[in-house]
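Engineer: Sequence first, then the predicted structure:
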Amino acid sequence: MSDLFEGYALERRRINGVEICFRQGGSGAPLLLLHGFPQTHAIWHRVAPRLAQRFRIVMPDLRGYGDSGKPPSDADHAPYSKRAMARDMAELMHALGHERYFVCGHDRGGRVSHRLALDHPRDVMRLMVLDISPTRTMYERTTMEFARLYYHWFFLIQPAPLPETLISANPDFYLRTKLGAWSSSGTSAFDARALAEYQRCFTPDAIHAMCEDYRAAASIDLEHDRADEARRIECPVHVLWGERGVVQRLFTPLADWRAKAAAAVTGRALTCGHFIPEELPDAFVDEALAFFVTA
């Protein structure tokens, strides 16, 4: 994948008991970029060059994803809670010398970012989330249409090894189907090198870890969210979502984030599907610069 990120060496650090794989580069204020399911930090390859002109960007693979560690889980799925994942990111940024930083998270990375801003408010200066409403909001508004369009939320949380076994029967088919269904132009939206990277990393261990991520979201993460119901993200939040996606169709992102998570929320829909940094990289960078550079 070096040709996707020329000049960005792949690095590894033991963080919070897990090996975290990441790339970093550029100069300026630190900006942490967090990918989602079923991807890796390769999602940022089209936006990294422009962002690196203004920021010191850090692009890790979340625990359980890509080349990062995939620790054993337990009965309550705590090792894959967003609290544990957020602590990984806070400790990684501190290890790199960044006590205060910007954060942008897509999909699952947005949920980690949400928890990072709650648990480590002194760290996060500004937060951008991509194509999500808060986890609790989305679960509480489950309808037949949502269950049909986001069936994976309910499939992946089934007890192991049911989803793992079924996905592993043809992992490339499952991966390409998910990516193509959520993009506004099918798998043609993805660079062939990035798609190959997602396929390389979609291993049995990663599939199990991803299921644990979703199992945590439907259990311990909701417990943490309910316990923190009265808390709000202290920093400004900017939300972007694809107008051709499920979030636009079934939720109200600005109102959802204002109601459940933060007071200072801005944002808008972009003319794309779920994978904003790959489908509309220039528009994404323009939004990021407008939001983060004004800080």
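Structural biologist: Looks like it arrived, so ask away.
Engineer: hey, let's count contacts and neighbours off CA atoms from now on
Structural biologist: Fine.
Engineer: Surely C235 is in a helix?
Structural biologist: No: C235 is assigned coil when assessed by DSSP: H, G, I helix; E, B strand; the rest coil, not a helix.
Engineer: Please, which helix or strand holds the residue nearest to it when sequence neighbours are not counted?
Structural biologist: Closest residue in space to C235, ignoring its immediate chain neighbours: R126 at 5.4 Å, by C-alpha to C-alpha, 6 or more residues apart in numbering. Element membership of R126 [criterion: DSSP states H and E] is strand 124-130.
Engineer: Likewise for P49?
Structural biologist: helix 48-51.
Engineer: following that helix, which helix or strand comes up?
Structural biologist: strand 55-60.
Engineer: which other residues reach that next one?
Structural biologist: With contact meaning C-alpha atoms under 8 Å, 6 or more residues apart in numbering, strand 55-60 is reached by 20-34, 40-41, 44, 48, 51.
Engineer: Now, those residues that are in strands?
Structural biologist: 20-26, 29-34 (DSSP state E).
Engineer: Settle this for me: F251 is touching S133, isn't it.
Structural biologist: Yes: the pair F251 / S133 is scored as a contact, 7.2 Å apart, by C-alpha atoms under 8 Å.
Engineer: quick one, which of these two is more surrounded?
Structural biologist: Taking other C-alpha atoms under 10 Å, F251 and S133 do not tie; S133 has more neighbours (25 against 16).
Engineer: correct me, but the more buried one touches D256?
Structural biologist: Yes: if you go by C-alpha under 8 Å, S133 and D256 touch, sitting 6.1 Å apart.
Engineer: which strands and helices sit next to the helix holding P49?
Structural biologist: Applying 3 or more C-alpha pairs under 8 Å, 6 or more residues apart in numbering; DSSP states H and E, one finds that helix 48-51 contacts helix 281-292.
Engineer: helices and strands around the helix it packs on, which ones?
Structural biologist: helix 48-51.
Engineer: Give me the contacts around the helix it packs on.
Structural biologist: Contacts of helix 48-51 (C-alpha under 8 Å, 6+ apart): 5, 26, 57, 285, 289.
Engineer: ranges for the helices of the stretch 1-150 of the chain?
Structural biologist: Applying DSSP state H, counting those that start in this stretch to the stretch 1-150 of the chain gives helices spanning 48-51, 82-95, 108-119, 135-140, 144-149.
Engineer: Please read the previous query as pertaining to the stretch 151-295 of the chain.
Structural biologist: Under DSSP H, counting those that start in this stretch, the stretch 151-295 of the chain gives helices at 152-155, 162-168, 171-182, 192-201, 204-217, 220-227, 246-250, 253-260, 276-279, 281-292.
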